[in-house]
Structure formats: structure tokens, C-alpha cells
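J.: could you look at this predicted model? Sequence included:
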Amino acid sequence: MSASGPLTGLKVIELAHIMAGPVCGQLLADMGADVIKVEKVPGGDDTRRMVPPEIDGESAAFMILNRNKRGTAINMKSAAGKAVLLKMLGKADVVIENFRVGTMERLGLGYESLHQLNQSLIYCQITGFGRSGPYADRAGFDLIAQGMSGLMSVTGEGPGHPPIKAGVPVGDIGAGMLAATGILAAYIHRLKTGQGQLVDTSLLEASIVNTAWVSAIFLATGISPGALGSAHPLAAPYQALPTRDGWVNVGAANQANWLRLVEVIDQPELATDPRFDDNSARMQNLSALIEILTRRFKQRDTADWLVRLEAVGVPASPVLSIGDMLKDPQVLAREMVVDVEHSHLGTTKALGSPVKFSATPTSIRHGAPLLGEHTREILGEFGYLDSEIDALVAAGDIIAA
């Protein structure tokens, strides 16, 4: 299947590894960009060794982040390998990398060098803490960013309980999304001026943007909010409540939904209780409110409550496991679980593209590449003869599957 998305024709060199950079590359690839994933020699992307789980020897973690990309493997530290990469970068539109600050410069592949080589190149760098500031040289991982951003101080059950990171790497995934957004903005600028530029974001900043509500509280009051479990720091009731057989999320924070909720639970007297008169009062008396709601919600099953809440328009949902989510009819209707053809495994399952376009739809064209799977194809497009490719393979400068 050929690319059909809005970025068809855009050539992206992905020098990124593990998660944040590959998330960015996959988003662009789903939108039609020709993303060439360049893995290190030896070994390739470290995600290939994040096992279990694996499917017939292939890392599930690698496959979920690298579909729709063509793959090659180049030794960037050898003169011949570096020459191959420079030839590719000279004709590329975008390069994505997520090495520590200074790594690409030491290899002679930093922004300033590549800008001289290709002034239309958009150079996207994702780091732990950004290119500037006192922490720029530090190594950064999602866990570190979540801790420093304050996210872990507001995630979990509150005083007396340990800090908890989000169950998914929001810093990594968020940084990949921010990077993709930055690349698209830089591409618009290039269409106007012909000039590329540096796009710089980090795991720390991606984590910080998730603190909007709790940062608003501190900036207004000088008080750092603490963990509230599933509750909202500014509105109530807006959290998970236990039922007879599980949990249900209830979003009755605004006044109209609050009044609908008290009718659904057959406790209309709560509508005139001064402790719960408006959102401010409900937040001040949150413990009492949740105690009342918990007693009531435990009297019925989750499915029963969902029917009742939906009937009056109160936003609500079950708390699904990952497995149940991946089978949910709305998730399937939105094509968020898709079949992907892998060159070794055949048909596999993957997450679908989260952005839909009416005129230039995204497409899932193929699975994640084997290490060096498309080396010959890619280098041939950049003018290399088969004999030259064979010599590079023999010297260990590249890997060709």
C-alpha cells in the first residue's frame, strides 16, 4: 500500500531510539511521510531487547512504535557509515534524534553542521531537559521527568502514600507529540521561506504541560496541591466511585450535571444541602460528598449505573482494563486497533492512528522493520550500487537484512 496521508512526499530520517523520538516518527509516518529509521550498529534500537513480551522472536515493544517506517542500520561512528548518513541527510526534509545533548555534535552531526549541509533541513531534537539550562547535559528518562515535573506529587492516594508515576510514559509520549507538532509548524515555515530550523523539546516540558490545572492552583495561591487519587483538583464530583461489582467514573462537576446526578441516585435532598450548593462548596466538603456517593453507588452494579447516568446525560464510563479497552466497540469503530502486515510474522495487531483526515486519510502500510530490512532499497535510492552496499556490509558499516 502506498502512502496517502497529508505528509506524502516528506522524507524523514529518524535517528531516534526507544520511545519519544519513535512516537514522533510514527505519527509522521502514519500521516504519509517516508520515515527511514536508522538504527545503531551493532544491536539496533534498544527497544528490540525490551522483552518479554515477544512474538516469535520479535519485540512487541519495538513493533508497537515503529510500524510504517523503513529500516536501515548504520554505524555512525565509522567514517564510511557517517558518509552514508550524511548523504541521506543532505536530501532529507526532517531529521529526528533523541540522544543526550552534545552526542550528535561529537559525531559531527549536530544542528549547525547539518544546517550548513542542508539549509532546508528541519532538525528535531528531543532530550530529557532541553538544549539549554543547568540540566541540559543530564540524562533524562520518563520516570525522571515525571518526578521533576511535579506529576508524581499529584498522582496517587495522598499523604502517607508513596509518590506514584502515571501508569504510562506520559513524558515520552507527550514529547513525541510535541515534537511532531513542532516539526509540522517548522514545515509550514519552510514552505513560506525555504529555510529549515531547529525544533527543541524535552521530556520535562512534555510532563510539565500536563500539570496545567495543578500549576494554576499554585500560581494563584502559592500552595502546591497534593495527590487526590482519581479526583479533580478543581471540580467535584469528578472521579471514580466504587460500585457493587467494580468502578465507575462520574463527571458531574458542573452544576447542571450535579443536579442530574442527585436525581439519578434518588437523593434530591443533596441539591439543597448547603455543603454541596455549588462547586466551591463541594470542593470544600469533598470528603463528606464522596462518602455519601460511595455508599449509594455501592448499592448497584457498574452497568446499571452507566445506563442510568447515560439516560440523563451525566458523563460516565467504566474503568476498563487494557484488554477490555482494546475490545470496546467505540475503540474498534474509531479503528484504534488495526491489522498490520509484518514481513516476518504476517498479520499482527497494533494501535491505529489517532488523527483522522477527510481528504488525505492516514494509512497503515506495513509493520515495523527487521533490523536493516530496507537497507539495500534505501541506499539504492541514494545512488549506491549493489557492490558498494556489499562492501559497506562486509566492513560492518551498515547492516542489510
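T.: That came through fine. Numbers count the residues shown, from 1 in each chain.

J.: so where's the longest helix in the protein?
T.: helix 170-193 (DSSP state H).

J.: got a list of what the residue most central in space within the chain touches?
T.: Centroid-nearest residue in the chain, with CA atoms, centre = their mean: Ile173, separated by 2.3 Å. For Ile173, the contacting residues are Met19, Ala20, Val23, Ala206, by CB atoms under 8 Å, 6 or more residues apart in numbering. Placement of C-beta: from N, CA and C, glycine included.

J.: can you rerun that using 10 Å?
T.: By CB atoms under 10 Å, 6 or more residues apart in numbering, the contact list for Ile173 reads Met19, Ala20, Val23, Cys24, Leu65, Asp142, Ala166, Leu203, Ala206.

J.: of those, which belong to helices?
T.: Among those, the members falling in helices (DSSP H) are Ala20, Val23, Cys24, Leu65, Asp142, Leu203, Ala206.

J.: for ChimeraX, write the select line for the buried members of those.
T.: Listed next is the ChimeraX selection for buried residues among the ones in helices among the contacts of Ile173, using 16 or more other CB atoms under 10 Å:
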select :20,23,24,65,142,203,206
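
J.: same list (the ones in helices among the contacts of Ile173) but as a markdown table, adding distance to His374 and pLDDT.
T.: A markdown table is the format used below for the ones in helices among the contacts of Ile173 (distance: CB to CB, whole Å; pLDDT from 0 to 100):
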| residue | distance to His374 | pLDDT |
| --- | --- | --- |
| Ala20 | 23 | 98 |
| Val23 | 20 | 98 |
| Cys24 | 19 | 98 |
| Leu65 | 17 | 97 |
| Asp142 | 29 | 97 |
| Leu203 | 29 | 98 |
| Ala206 | 30 | 98 |
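
J.: any idea how far Ser153 is from Lys349?
T.: Using CB to CB, to the nearest Å, one obtains 36 Å as the distance from Lys349 to Ser153.

J.: who has more neighbours, these two?
T.: Per other CB atoms under 10 Å, whichever of Lys349 and Ser153 has more neighbours is Ser153, with 17 against 12.

J.: just confirm that one contacts Ser215, I think it does.
T.: No: using CB atoms under 10 Å, Ser153 makes no contact with Ser215, being 11.6 Å away.

J.: now do the shared contacts for these two.
T.: Ser224, Pro225.

J.: quick check: mean pLDDT across stretch 35-51?
T.: For stretch 35-51, the mean pLDDT works out to 97.

J.: now it, how far from the chain's geometric center?
T.: 18 Å (CA atoms, centre = their mean, to the nearest Å).

J.: in that stretch, what counts as buried?
T.: Residues of stretch 35-51 classed as buried by neighbour count (16+ other CB under 10 Å): Val35, Ile36, Lys37, Val38, Glu39, Lys40, Val41, Gly44, Asp45, Thr47, Arg48.

J.: and of those residues, the nearest to Leu320?
T.: When those are compared for distance to Leu320 (CB to CB), Thr47 wins out at 25.9 Å.

J.: quickly find the element holding the residue nearest to that closest one when sequence neighbours are not counted.
T.: Of all residues not flanking Thr47 in the chain, Phe62 sits nearest, at 4.3 Å (CB to CB, 6 or more residues apart in numbering). Under the criterion of DSSP states H and E, Phe62 resides in helix 60-65.

J.: where's the residue nearest to Pro369 when sequence neighbours are not counted, which helix or strand?
T.: Among residues not flanking Pro369 along the chain, Gly71 sits closest, at 2.8 Å (CB to CB, 6+ apart). Assigned by DSSP H and E, Gly71 belongs to strand 69-74.

J.: after that strand, which helix or strand is next?
T.: Using DSSP H and E, the first helix or strand after strand 69-74 is helix 79-89.

J.: Ile96 and Tyr123: what is the separation?
T.: In terms of CB to CB, Ile96 sits 9 Å off from Tyr123.

J.: those two: who's more crowded?
T.: Ile96 (29 against 26).

J.: how's the chain carved up into domains?
T.: Per automatic domain parsing, the structural domains of the chain span 11-209+328-399, 247-318.

J.: mind listing the helices for the stretch 151-300 of the chain?
T.: With helices called from DSSP state H, counting those that start in this stretch, the stretch 151-300 of the chain shows them at 170-193, 203-208, 212-221, 255-264, 279-284, 286-297.

J.: which one of the ones you listed lies closest to Leu392?
T.: Among the helices of the stretch 151-300 of the chain, if distance is taken as CB to CB, the winner is helix 170-193, at 29.2 Å.

J.: tell me the buried residues in that closest one?
T.: 170-180, 182-184, 186-187, 190.

J.: over to stretch 264-275?
T.: Within stretch 264-275, judged by 16+ other CB under 10 Å, the buried ones are Val264, Ile265, Leu270, Asp273.

J.: and those residues, which is closest to Val340?
T.: Once CB to CB is applied, the member of the buried residues of stretch 264-275 that ends up nearest Val340 is Val264, at 42.1 Å.

J.: the closest one is in contact with Val314, isn't it?
T.: Yes: contact criterion CB under 10 Å: Val264 and Val314 qualify, at 6.6 Å.
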